[in-house]
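In: how does the following fold in three dimensions:
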Amino acid sequence: MINDFMNKRPLIIWLLLAYGLCMLPADCFRWIGSSVERASGANTGGLLEWTAHAVLMAGVAYHLMGANKNRQINDAVMVVLSVASVTVIAVSIELLQGQLPESFSRGFSWSDIWSSMIGGFIGVATQQLKKLLAAS
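Out: Got it, this is the predicted structure:
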């Protein structure tokens with residue numbers, strides 16, 4: 001029982017990060033964009049937000065796939081379950097953001113869902129690559 005929880009602890013942390021960070025007001029992250037723009041001289045636009053969604057969902061998908069350490073579930077089924085889970089998580093985050101007050105400067109965005117999905121695919125692919133490399 002304790003070992004099962006310890007194996008899933010990184011997944012729980014990534015889920016808490018994903019939901020927690022996405023519920024904060026947008027102003028909490030403005031300094032990141034302005035720092036990057038100042039350092040690079042380029043206008044980042046929504047690129048940083050999309051990257052943040054992709055990285056968070058990549059972490060969730062990676063650890064979701066890794067939670068199947070004993071291979072109790074077939075890899076193909078686990079890939080489908082992970083992608084479906086990331087989709088549900090991404091949509092739920094966007095629905096929650098749509099309910100936040102206007103002062104949070106957050107709202108529902110299909111582009112955020114797509115970037116989360118791309119991150120989810122990257123996390124699944126990374127975990128599968130790790131398994132392939134470990135097997136060889």
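In: going forward, measure contacts between C-alpha atoms and count neighbours the same way
Out: Fine.
In: contacting residues around Asn68?
Out: Asn68 makes contacts with Met78, as judged by Cα atoms under 8 Å, 6 or more residues apart in numbering.
In: dihedrals phi and psi, it?
Out: phi -90, psi 50 (degrees, to the nearest 10).
In: show the pLDDT at it.
Out: Asn68 carries a pLDDT score of 73 in this model.
In: repeat for Asp4
Out: pLDDT, Asp4: 57.
In: need the contact list for the residue nearest the centre of the chain.
Out: Against the mean C-alpha coordinate of the chain, by Cα atoms, centre = their mean, the closest residue is Met57 at 1.4 Å. By Cα under 8 Å, 6+ apart, Met57 lies in contact with 18, 86, 90, 116-117, 119-120, 123.
In: what about it, which helix or strand?
Out: Assessed by DSSP states H and E, Met57 sits inside helix 47-66.
In: the strands in this structure, which residues?
Out: Read by DSSP state E, the chain holds no strands at all.
In: now do the helices in the protein.
Out: With helices called from DSSP state H, the chain shows them at 2-22, 30-40, 47-66, 75-99, 110-135.
In: would you single out the least confident of those helices?
Out: Among the helices of the chain, helix 30-40 scores lowest, at a mean of 61.
In: please identify the most buried of the helices of the chain.
Out: Comparing the helices of the chain by mean neighbour count (mean count of other Cα atoms under 10 Å), helix 47-66 comes out on top with a mean of 23.
In: that helix: how far from the chain's middle?
Out: Remark: helix 47-66 is offset 3 Å from the chain centroid, using Cα atoms, centre = their mean, to the nearest Å.
In: swap in stretch 118-128?
Out: Distance of stretch 118-128 from its chain centroid, counting by Cα atoms, centre = their mean, is 10 Å.
In: contacts for that stretch?
Out: Residues outside stretch 118-128 that contact it (Cα under 8 Å, 6+ apart): 53-62, 65-66, 79, 82-83, 86.
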